[in-house]
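Novice: Okay, sequence plus prediction incoming.
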Amino acid sequence: MRKKRSSRFLVRLIAFSLLLVTVPVTVMGIFSYYKASDMLQQRVRDSNGQLLLQIESKVEQVLRMTDASAVQYTGLPLVTEALDVSLSPHDFKIVNNLLTGMNQLQAHEWGIHDIKLIDLNHNWMIDAGGLSRFDRLADPWAEYAADPQTSYWIDEGERIRLVKKIPVYAQSPQGLLTIAIPVYEFEKLIGQIRFGGTVLVLDKKGKVLAGGDRSAHGRPFETLPFGRLLSPLAGEQDEGHYTSGTPDGEVEVTYRTSPYNGWTYISVVPIGEMSRLSKQIGLFTVALCGSVALAAFALAYWGLGKMYSPIRRLVQSASGPAAGGQTEGAGAEDEWELIGSRLSGLMSAQSELFQQLQGQSRQLKEFFVLKLLQNEPGPDELKEKLALFEHARTWTSYIVLVLQIDSYDRSRYGDNDRDLIMFAINNMVTDLIPAKTRLLPVVSDRSQITIVGCEAGDEALLKRQTYELALGIQQEVKRYLRVKTSIGISRRHEQLGCARTAFKEAAEALKYRMKLGDEAVLFIEEAEPEPDRRLRFNYPAQLEQAVVDVVKMADRERIGPALAEFGRAVFANDWTHHDYSMSYVRLLTELLRVVQDGGGAEAERLPGPEGRSPFHELLGLRTAAEIEQWLLQAVIEPAIITFEQQRKTRYRSISREVIAMIENECDMELTLESCASRMNYSSSYIAKVFRRETGMSFSDYVMQVRLQTAKRWLAETEMKVAEIADKLKYNSSANFIRYFRKAEGVTPGQYREDCRSRK
């Protein structure tokens with residue numbers, strides 16, 4: 001029973017349709033949620049700002065009214081007159097009137113408490129307890145009096161006190177009026193705010209004066225978990241908000257600074273409380289998106305199921321076993337892969353069958369061409385195989401083209417890639433030569449071979465067309481592969497059974513690259529000299545000797561021209577390529593003999609690659625330029641190095657022998673001729689060698705040795721100057737003294753005295 005396949009493509013269609021619906025809805029829901037949350041938070045901020053403004057107005061109303069009452073009281077004549085006298089208990093009437101005015105201030109519903117009137121000049125104070133005197137102004141009243149401000153509020157912990165100097169704008173006040181208001185009076189004005197928040201009031205220095213959090217009273221705001229330095233100390237704007245983290249969660253801090261007294265009003269609201277409504281909006285958005293997604297899924301499942309039914313029937317048809325009993329597409333991921341796999345299998349089977357037929361046909365053709373080139377098939381076999389090449393029956397004659405690689409200059413290929421290059425060249429030749437004018441091109445060893453058919457026509461015209469064809473192949477190969485090639489062309493033959501002979505002729509033509517160089521197109525009838533035109537083999541022995549002589553002299557500047565002249569003389573003759581090769585073999589033999597006769601061992605170190613002999617290596621070279629380059633690098637340069645080393649050794653030995661004669665016989669009559677005679681060399685040769693090794697002439701060296709000997713005798717012996725001059729063969733003692741003074745700067749006698757004084 002056939003296994004039912006899962007409808008993966010249908011699942012993907014449904015998933016894609018659902019994605020098209022849910023993604024926009026989800027994006028819109030997320031956008032709506034965040035937008036609503038931002039709007040809600042902004043409304044809370046605005047509400048807190050309005051609340052702070054109301055609280056500020058209430059508090060400042062109390063402060064302003066208190067300040068105004070204090071100004072009114074201090075401006076009474078009773079107060080100003082009282083400050084001009086030193087009150088005592090006998091002035092109870094004045095004291096009573098002052099207390100009455102204070103009680104009237106406390107009668108207002110502002111929470112005024114603890115009013116004090118202090119005379120700084122006469123040292124008395126009136127408060128709720130009556131009149132009291134003092135010898136010295138105590139703290140904190142002394143601090144209040146010393147403060148440069150004329151009217152200000154200060155924090156005293158549980159209450160806030162107004163300090164007013166009397167007169168108000170005097171540089172040296174006569175007295176002080178202080179009015180205290182309890183903190184709880186301000187807390188009544190503050191009240192409670194929404195979302196469980198707290199309101200704090202800060203003084204100008206940023207210290208908490210009042211607020212819902214009693215634990216914060218008296219502390220600097222920046223030390224609180226959610227606090228930081230605010231204006232005006234921080235240079236910030238008068239109002240604003242920020243978010244801060246606390247151990248209990250994030251809070252939204254809104255602040256407002258009063259221009260009246262520099263107090264700052266702050267509301268602190270937990271963000272968690274603010275976001276409860278946002279969470280409700282988020283839950284509603286999630287529910288809405290989920291409902292839309294479910295509805296879209298149901299609709300897509302129903303609609304796509306209807307549209308998918310034709311595909312389902314096609315899949316069921318394609319799921320059957322293929323030819324041979326195998327089930328194709330068993331591992332397919334979806335329905336389209338199954339259908340595509342079945343169609344691909346059918347196309348592959350058809351293509352494979354066609355390629356097999358084509359491949360076998362090509363292999364048969366290649367085998368037939370190779371057999372033509374290597375053997376001479378019988379008439380019956382030839383007639384049978386020519387059925388593969390029906391177009392060849394119209395040919396009247398044919399030629400063979402053999403292509404070989406010259407070099408890989410400026411190419412990214414090397415000799416290791418030869419097989420790959422030959423395969424590429426064979427494909428190019430197949431494309432360049434029309435199929436009706438050739439047999440199938442083949443590759444054999446290092447050659448690419450093509451049999452090209454010819455029809456009846458003018459011989460010269462056919463030859464020109466063949467040359468243009470070969471030149472075009474050569475240029476295209478160089479253009480695309482950057483490989484230099486040469487092409488050999490056989491004579492025209494009428495019978496295909498003679499293809500082996502034509503192949504040998506074309507290959508033989510390529511051997512004349514030795515004379516003509518690389519990138520040649522060679523016709524065998526032009527390259528190979530006719531028998532009646534061949535000259536007698538006249539080997540250039542004199543030029544060979546010239547090359548050998550230059551090598552012996554180790555003259556690198558002359559060796560190149562000498563070798564080139566030898567090559568020109570060889571190729572000036574109309575010989576076969578065998579004669580050209582033998583000329584260079586004779587030259588190589590003579591060079592190796594000279595090296596061996598000279599006692600060098602370089603000739604033993606001249607094998608070619610893979611242990612081949614120098615002669616094998618030489619015969620494998622194609623052109624005169626390659627032969628000359630190989631001779632220079634592999635044979636002549638090592639030979640020159642050998643001769644130079646031998647010459648240096650011989651010169652060094654001669655110089656050492658002459659120096660020994662001079663040092664041992666400096667007190668005898670010694671001349672260059674006598675030394676040369678004793679060594680069996682000419683005097684000019686000895687002079688040349690000696691100067692090259694020592695850098696000075698024979699006579700100068702003798703004079704130098706005699707001078708050193710004279711200095712040694714003057715320092716170590718008691719010989720007279722005249723005796724030394726005579727022993728060292730100077731003409732006279734005066735001549736010796738003159739030469740000594742010129743060389744050393746002092747006379748022999750002075751030199752002896754200097755040596756004795758140093759001892």
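Specialist: Happy to help now that I have it.

Novice: Quick check: next helix or strand after the helix or strand in which K58 is found?
Specialist: Counting by DSSP states H and E, the secondary-structure element that holds K58 is helix 8-74. Note on helix 8-74: by DSSP H and E, the next helix or strand toward the C-terminus is helix 77-82.

Novice: Go through the strand ranked longest in the chain and flag the buried ones.
Specialist: When the chain is parsed with DSSP state E, its longest strand is strand 397-407. For strand 397-407, the buried set under the neighbour-count rule, 16 or more other C-beta atoms under 10 Å, comprises S397, Y398, I399, V400, L401, V402, L403, Q404, I405, D406. Yep, even glycine has a C-beta here, placed from its N, CA and C like the rest.

Novice: Between those residues, which sits nearest E544?
Specialist: Distance to E544 across the buried residues of strand 397-407 (C-beta to C-beta) is lowest for D406, with 27.6 Å.

Novice: separation between the closest one and L51?
Specialist: 99 Å (C-beta to C-beta, to the nearest Å).

Novice: Assign I154 to helix, strand or coil.
Specialist: Per DSSP: H, G, I helix; E, B strand; the rest coil, the secondary structure class of I154 is strand.

Novice: for G457, that is, sorry about that
Specialist: Strictly by three-state DSSP, G457 counts as coil.

Novice: Could you give the number of residues near it?
Specialist: Applying other C-beta atoms under 10 Å, we find 11 residues neighbouring G457.

Novice: Likewise for the one 10 residues further on?
Specialist: The number of residues packed around Y467, counting by other C-beta under 10 Å, is 14.

Novice: Quick check: it touching E526?
Specialist: No. Assessed by C-beta atoms under 8 Å, Y467 is found out of contact with E526, at 10.3 Å.

Novice: Would you map the strands across the stretch 351-500 of the chain?
Specialist: Using DSSP state E, counting those that start in this stretch, the strands of the stretch 351-500 of the chain run over 397-407, 442-444, 447-454, 484-489.

Novice: and the angle for the longest one with strand 447-454?
Specialist: Looking back up the chat, that one is strand 397-407. 150 degrees (axes from the mean of the first three to the mean of the last three C-alpha atoms, to 10 degrees).

Novice: Ok, the last one next?
Specialist: Here strand 484-489 runs at 40 degrees with respect to strand 447-454, directions being taken by the same axes, to 10 degrees.

Novice: Extract the C-alpha set from strand 484-489 and format it as CSV.
Specialist: Once non-C-alpha atoms are left out, strand 484-489 reads as follows in CSV (Å, rounded to 0.1, in the frame of the first residue of the first chain):
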residue,chain,number,x,y,z
LYS,A,484,53.5,29.6,-28.2
THR,A,485,53.1,26.8,-30.8
SER,A,486,54.5,25.6,-34.1
ILE,A,487,52.6,23.7,-36.8
GLY,A,488,54.1,21.2,-39.3
ILE,A,489,52.3,20.4,-42.5
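
Novice: Distance from the chain centre to it, please.
Specialist: Averaging C-alpha positions (C-alpha atoms, centre = their mean, to the nearest Å) puts strand 484-489 45 Å from its chain's average.

Novice: now do the third one
Specialist: Taking C-alpha atoms, centre = their mean, the mean C-alpha location of strand 447-454 is offset from the chain mean by 51 Å.

Novice: Next: stretch 114-134.
Specialist: 88 Å.

Novice: Likewise for stretch 293-305?
Specialist: Averaged C-alpha coordinates place stretch 293-305 at 52 Å from its chain's average position (C-alpha atoms, centre = their mean).

Novice: So for the host helix or strand of I181, what gets flagged as buried?
Specialist: Secondary structure from DSSP H and E places I181 in strand 175-182. With burial defined by 16+ other C-beta under 10 Å, the residues of strand 175-182 counted as buried are G175, L176, L177, T178, I179, A180, I181, P182.

Novice: Next one: the second one relative to Q104, how far apart?
Specialist: When you say that, I think you mean L176. 19 Å.

Novice: How about the third one?
Specialist: Counting by C-beta to C-beta, the gap between L177 and Q104 amounts to 14 Å.

Novice: Now do the domain split for this protein, please.
Specialist: With automatic domain parsing as the criterion, the domains of the chain are listed as 75-185, 359-528, 533-648, 665-758.

Novice: Turn the ones you listed into JSON lines, including distance to L224.
Specialist: Below are those laid out as JSON lines (distance: least, C-beta to C-beta, whole Å):
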{"stretch": "domain 75-185", "distance to L224": "16"}
{"stretch": "domain 359-528", "distance to L224": "77"}
{"stretch": "domain 533-648", "distance to L224": "91"}
{"stretch": "domain 665-758", "distance to L224": "98"}
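
Novice: Can you tell me which of those domains is nearest to S47?
Specialist: Short answer: domain 75-185, nearest of those by C-beta to C-beta, at 24.8 Å.

Novice: S32 and G282 touch, don't they?
Specialist: No. Counting by C-beta under 8 Å, S32 stays clear of G282, with 9.4 Å between them.

Novice: Looking at the two now, which is surrounded by more residues?
Specialist: Each of S32 and G282 has its neighbours counted (other C-beta under 10 Å); G282 has more, 18 against 15.

Novice: Which one of the strands of the stretch 351-500 of the chain lies nearest to R362?
Specialist: When the strands of the stretch 351-500 of the chain are compared (using C-beta to C-beta), the closest one is strand 442-444, at 10.6 Å.

Novice: ok so, going back, from the buried residues of strand 397-407, which shows the smallest pLDDT?
Specialist: On pLDDT alone, D406 ranks lowest of the buried residues of strand 397-407, at 81.

Novice: Now tabulate the strands of the stretch 351-500 of the chain in TSV and tack on distance to N97.
Specialist: TSV is the format used below for the strands of the stretch 351-500 of the chain (distance: least, C-beta to C-beta, whole Å):
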stretch	distance to N97
strand 397-407	132
strand 442-444	138
strand 447-454	138
strand 484-489	133
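
Novice: Of those, which is nearest M28?
Specialist: Judging the strands of the stretch 351-500 of the chain by C-beta to C-beta, what sits closest to M28 is strand 442-444, at 70.6 Å.

Novice: Buried ones in stretch 247-265, by neighbour count?
Specialist: Buried-residue list, stretch 247-265, by 16+ other C-beta under 10 Å: V251, E252, V253, T254, Y255, R256, T257, S258, W263, T264, Y265.

Novice: Quick one: mean pLDDT for that stretch?
Specialist: 81.

Novice: Stretch 669-678 too?
Specialist: Stretch 669-678 comes out at a mean pLDDT of 80.

Novice: can you count the residues close to I627?
Specialist: Residues near I627, counting by other C-beta under 10 Å, number 23.

Novice: pLDDT at it, what is it?
Specialist: Confidence score, pLDDT, at I627: 74.

Novice: Next, work out how far apart it and P441 are.
Specialist: I627 is 31 Å from P441, by C-beta to C-beta.

Novice: Please apply the same query to M39.
Specialist: The gap separating M39 from P441 is 83 Å, by C-beta to C-beta.

Novice: Give the residue from these two that has the larger number of neighbours.
Specialist: Set side by side, M39 and P441 show more neighbours around P441, with 23 against 12, by other C-beta under 10 Å.

Novice: Am I right that that one is in contact with Q448?
Specialist: Yes. Using C-beta under 8 Å, P441 makes contact with Q448 at a distance of 6.6 Å.
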